[in-house]
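A.B. asks: this one's structure only:
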């Protein structure tokens, strides 16, 4: 991991196993399959449900700053707590949760991902527990949202009109081409039209991961993105269907490759594909 731009953002399964009793660390499990935590989790880990904990129940948006503070308090998180995120499917929602914690100002130096996630932890035969972790509520103070890492539809539209910005569509080729209006098996998160944002390069998010769930080497990652014209000297906007897969690519580009200006467009295709009078390519 030493070749990454910010290797401190990743920790190994061995590192996590050695720090289970460290009171300055809170391990957070965030899965696509929201029932996995109850089936078994790392000792001391707390659950962050991407749907019920991070999303506003009425608006298509994240929880407010105040509700985010309540979430952190209920999970025993202080402002100076080091957070280690992990989950299923190549840490798909682990990076999504980390992105939101970064959005609300938790210090970058205290945000980490367990490389390989649940898949690697299980492959190594490491233990799980079903005991819900006991925590003491805290007083947490979030910062104002940091829009430098979040793109909105008007910025994406302006980008399409003037070009000069990398746009990465991290969905599957069938979603990108317009053959599918939604990710396979996720019809409730579709859009009115299929296709992609004009000029977007299709680089599926999972190409950044090895078969064991860990991230590919810096050289391999650099080759994947630079061969498609995604270079660090331009702003980059990543999107998918609701911003979860693209948060994985945001993490790879910004922290592992060191791209200085990367944004996650969490409105993604469920928004863009249903807007009136925006350009779409197929």
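C.D. replies: Now that the structure is in, tell me what you want to look at. Since the model is a prediction, treat every value here as computed from it, not as a measurement.

A.B. asks: use CA for all of it now, contacts and neighbours both
C.D. replies: Noted.

A.B. asks: any chance you could map the helices in the chain?
C.D. replies: Applying DSSP state H to the chain gives helices spanning 13-18, 36-39, 65-74, 92-103, 117-123, 153-162, 173-177, 218-226, 244-251, 268-272.

A.B. asks: So which of the ones you listed is the most surrounded?
C.D. replies: Each of the helices of the chain was scored by mean neighbour count; the highest is helix 244-251, a mean of 27, by mean count of other CA atoms under 10 Å.

A.B. asks: got a list of contacts for stretch 170-185?
C.D. replies: 169, 187, 189-196, 202-205, 238-241, 245-246, 249, 282 (CA atoms under 8 Å, 6 or more residues apart in numbering).

A.B. asks: which among those end up buried?
C.D. replies: When the contacts of stretch 170-185 are checked for burial by 16 or more other CA atoms under 10 Å, the buried set is 169, 190-191, 193-196, 202-205, 238-241, 245-246, 249.

A.B. asks: Narrow the residues you listed to those in strands?
C.D. replies: Using DSSP state E, the subset of these located in strands is 169, 202, 238, 239.

A.B. asks: mind listing what the third one touches?
C.D. replies: When contacts are counted by CA under 8 Å, 6+ apart, residue 238 is found next to 167, 168, 169, 170, 246, 247, 249, 250, 262, 263, 264, 265.

A.B. asks: Counting neighbours, what do you get for the closest residue in space to it that isn't next to it in sequence?
C.D. replies: Spatial nearest neighbour of residue 238, chain neighbours left out: residue 168 (4.7 Å); criterion: CA to CA, 6 or more residues apart in numbering. For residue 168, the count of nearby residues is 27 (other CA atoms under 10 Å).

A.B. asks: Surely residue 168 and residue 198 touch.
C.D. replies: No. Here residue 168 lies out of contact with residue 198, judged by CA atoms under 8 Å, at a distance of 10.5 Å.

A.B. asks: ok, residues contacting stretch 142-153?
C.D. replies: So stretch 142-153 is contacted by 65-66, 68-69, 102-106, 237, 261-267, 272 (CA under 8 Å, 6+ apart).

A.B. asks: switch the cut-off to 6 Å
C.D. replies: Stretch 142-153 is contacted from outside by 69, 103, 104, 105, 263, 264, 265, using CA atoms under 6 Å, 6 or more residues apart in numbering.

A.B. asks: what does stretch 68-78 give?
C.D. replies: 135, 136, 137, 138, 139, 140, 142.

A.B. asks: All good on my end, thank you.
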